[in-house]
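Asks: The following block contains a protein sequence and its predicted model.
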Amino acid sequence: MGLRRVAIVGAGMTKFMRRALETGRELSWQAASMALESCELTLDDVDGVVIGTGPDCFDGVHMKGEYLSDGCGAWQKPVMRGYVGGGTGVFSPIQGWYHVASGLFDVVLVVAEEKMSSCHPHPQGAFLTIFDNMLERPLEPNLIWIFALEMQRYMAAYGVSKRDIALVSVKNKRNALDHPCAQVAEDITVDDVLNSEVMVWPVNRLDVSPVSDGAAAVVLAAEHVAKRVTDKPVWIDGVGWHLDTAYWTNRDLYYPKYVEYAARMAYRMAGITEPRKQINVVEPYDPFSYKELHHLEGLLLCDKGEAPQLTADGVTQRNGDLPVCPSGGLMGVGNPIAASGLMKVSEIFWQLRGEAGKRQVPGKPTTGLAQAWGDLMQVGTVVVLRI
Amino acid sequence: MTADKEFPGTPLSDEDVSQGKVLITETDPNARYAWDAGIAIGRFLAELKKGRIVGRRCHRCRRTMVPPRMFCEQCFRPTDEWVYLADSGRVNTYSISYIRWDASRVEEPTIPAVIEIDGASKGMGIMHLLGGVKPEDVQMGMRVKAVWKPARQREGSILDIRYFRPY
């Protein structure tokens, strides 16, 4: 396609927290400067900046990209803000990728931020505004409704039990015990999940990721720069994104087709023909426990309806054949919307470089994948990384 | 690198805020909006006021769509005709909600559902509530019918249907 190779050469993030002292701008600066320091670059080396951040209504600051820009290193730089809801954190490095792949820039800083604690009394009130304003908002829906409706459809399609799904919470919250940024790491049992408060059946409190403040950042570089600044560049070999219709009540929710299409796009670019054999470590989007299973199927990493069995068999444990969410995921590390997707990309970066510390998966993985999902349940974003 | 690195960020506790250990500023923007219902949903709401559910058909893909739309997003051409649908359907999926839109708890749960409307193409549903049924008695695929507000109380809103009940 005449595209240049692009590598991730540095990454940084803040702790994920229920409520941070720092402003969104300060969090962005912390993550961005950490990412630059990690590869010994400075802002002078950066040609362009991509800012990923979610709905303005969380921070309560209109044109949030502009507000955050100084913290993201965008002073006197070409800058763009991208936003595809929960998919943003994996979409923003894709935007950075095409800036570099196209030949336009050699070094791009990608920063993703969310400060959800600013919205009172609870950010759920802001989520109401994503529903159709004419036909759905009058019913006073809660965001968890649509997850519960989708989870129920998924469970009914394959006869999956809540117990099968609770295993994801248990695994991810336990994995997060080894993540220094984790907000809700815990050693819990399946019964703890099943006995936690029912929010919107079949979703219990411990099936849901928390609301969070936090930021994450990565530095992307063209091949000639990447090889100069690090001996361990992590290549972005495939990118994919895809959207389905926003008429979500007209789609069958049991299967995320748009994730499959995004994955196929990324696999084609990366030359991946047998994803199950070729991908060693994966960070699918897990804002709710069942979503990890749903997304593993959409990513073609198992057959439809097979993800619960893989989980029960331990295949998705950190030391299993296909480690899934070794970071601890959104269920364990936390979910500052855009930042959490970029945290997943950073985790694959650290895993492939062998720098994930106590979270390191065995077997020297060479190929990993990060995926996010969002908007009104219809966007899928995927990157395939190789060392 | 992540193992031995200090990560930035300063978590606050509830006490930090309630005891005034950190300073905050507040605002209540109270932004208000009035949306024009448009052509397709304008007609849909007007028909609800008359106690009817209306869809829109595309002659190219032959889908009968609800909610109705003036253009087909798949064929990307104008849709062709209005079609009256039944006020009944089947439960595609449902949930049982113990929280309000703002995450506060409710005593009596509500039952949100996606209802596939009879007369529309397969899989074409709308979101609404189920009523007149205990949560534990709801089944996937259950047949349901709209319970309308009395005609004089209807105002051209999705709430003109109070809920769908089993029948």
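Replies: Alright, I've got the coordinates.
Asks: Next, name the residue at the spatial heart of the chain.
Replies: Unless you meant another one, I'm taking chain A. Nearest to the mean C-alpha position of chain A, counting by CA atoms, centre = their mean, stands residue A:341 at 2.2 Å.
Asks: Not quite, go with chain B.
Replies: Geometric centre of chain B, nearest residue: residue B:127, 4.0 Å, by CA atoms, centre = their mean.
Asks: Show me what the helix or strand where that one lies is packed against.
Replies: In this structure, residue B:127 sits in strand B:125-130 according to DSSP states H and E. In terms of contacts (3 or more CB pairs under 8 Å, 6 or more residues apart in numbering or on different chains; DSSP states H and E), strand B:125-130 is packed against strand B:88-94, strand B:105-117, strand B:161-166. (Glycine included, C-beta is placed from N, CA and C.)
Asks: Quick check: the residue in the stretch 101-250 of chain A that chain B sits nearest to vs residue B:109, distance?
Replies: When scored by CB to the nearest CB, the stretch 101-250 of chain A has residue A:148 as its residue closest to chain B, at 3.4 Å. With distances taken as CB to CB, to the nearest Å, residue A:148 is found 11 Å from residue B:109.
Asks: okay, those two: which has more neighbours?
Replies: Set side by side, residue A:148 and residue B:109 show more neighbours around residue A:148, with 26 against 16, by other CB atoms under 10 Å in any protein chain shown.
Asks: Thought residue A:201 was touching the more buried one, still the case?
Replies: Yes - Residue A:148 is within contact range of residue A:201, at 6.5 Å (criterion: CB atoms under 8 Å).
Asks: Around chain B, pick out the residues from the stretch 201-350 of chain A.
Replies: Counting by CB under 8 Å from any CB of the partner chain, the stretch 201-350 of chain A comes close to chain B at A:201-203, A:213-214, A:245, A:247, A:249-253, A:350.
Asks: any idea what sits nearest residue B:142, other than its immediate chain neighbours?
Replies: residue B:91 (4.6 Å; CB to CB, 6 or more residues apart in numbering or on different chains).
Asks: for residue A:61, that is, sorry about that
Replies: The shortest distance from residue A:61 to any residue other than its chain neighbours is 4.6 Å, reached at residue A:67 (CB to CB, 6+ apart).
Asks: Helix or strand: which one has that neighbour?
Replies: Using DSSP H and E, residue A:67 sits in helix A:64-68.
Asks: Tell me who's in contact with the residue nearest to residue B:142.
Replies: The neighbours of residue B:91, taking CB atoms under 8 Å, 6 or more residues apart in numbering or on different chains as the test, are B:113-116, B:130, B:138-142, B:144.
Asks: Same check on residue A:23?
Replies: Neighbouring residues of residue A:23 by CB under 8 Å, 6+ apart: residue A:115.
Asks: Which one (most neighbours) among the residues of the stretch 201-350 of chain A next to chain B?
Replies: For those, neighbours were counted using other CB under 10 Å, and residue A:214 has the most, 34 neighbours in all.
Asks: Which of the three states applies to that residue?
Replies: strand (DSSP: H, G, I helix; E, B strand; the rest coil).
Asks: Make sure it is actually in contact with residue A:18.
Replies: No - counting by CB under 8 Å, residue A:214 sits too far from residue A:18 to count as a contact (10.2 Å).
Asks: The contacts of residue B:91 into CSV, with extra columns for neighbour count?
Replies: Converted to CSV, the contacts of residue B:91 look like this (neighbours: other CB atoms under 10 Å in any protein chain shown):
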residue, neighbour count
B:113, 30
B:114, 27
B:115, 27
B:116, 22
B:130, 24
B:138, 17
B:139, 12
B:140, 15
B:141, 10
B:142, 18
B:144, 26
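Asks: Are there helices or strands packed against the lengthiest helix in chain B, and which ones?
Replies: With secondary structure taken from DSSP state H, chain B has its longest helix at helix B:39-49. Applying 3+ CB pairs under 8 Å, 6+ apart, we find helix B:39-49 packed against strand B:53-57.
Asks: For the strand it packs on, which helices and strands make contact with it?
Replies: Under the contact definition 3+ CB pairs under 8 Å, 6+ apart, strand B:53-57 sits against helix B:39-49, strand B:64-65, strand B:81-85.
Asks: And for that strand, what's in contact with it?
Replies: With contact meaning CB under 8 Å, 6+ apart, strand B:53-57 is reached by B:40, B:43-44, B:47, B:63-66, B:68-70, B:79-87, B:117, B:119-120, B:124, B:146.
Asks: my read is residue A:217 is in a helix, agree?
Replies: No - checked against three-state DSSP, residue A:217 lies outside a helix; its state is strand.
Asks: Residue 154 - nearest residue in space that isn't next to it in sequence?
Replies: If you meant another chain, say so; for now it's chain A. Excluding its sequence neighbours, the residue lying closest to residue A:154 (CB to CB, 6+ apart) is residue A:254, at 5.2 Å.
Asks: I was after chain B.
Replies: Leaving aside its chain neighbours, residue B:154 sits nearest to residue B:160 (4.2 Å; criterion: CB to CB, 6+ apart).
Asks: So the one you found is in contact with residue B:146, correct?
Replies: No - if you go by CB under 8 Å, residue B:160 and residue B:146 don't touch, sitting 9.1 Å apart.
Asks: low-scoring pLDDT stretches of chain B, where are they?
Replies: Scanning chain B for pLDDT under 70 picks out B:1-4.
Asks: one more time with 80, if that's ok
Replies: Applying pLDDT under 80 to chain B flags the ranges B:1-5, B:29-31, B:101-103.
Asks: tally of neighbours for residue 101?
Replies: In the absence of a named chain, chain A is used. Look at residue A:101: counted by other CB under 10 Å, it has 20 neighbours.
Asks: please go with chain B instead
Replies: Using other CB under 10 Å, residue B:101 is surrounded by 19 other residues.
Asks: what do you get for residue A:159?
Replies: Residues lying near residue A:159 (other CB under 10 Å) number 9.
Asks: so who does residue 98 touch?
Replies: No chain specified, so I'll use chain A. residue A:239.
Asks: actually it's chain B I care about, not the one you picked
Replies: Shown in contact with residue B:98 (CB under 8 Å, 6+ apart): A:197-201, B:105-106, B:109.
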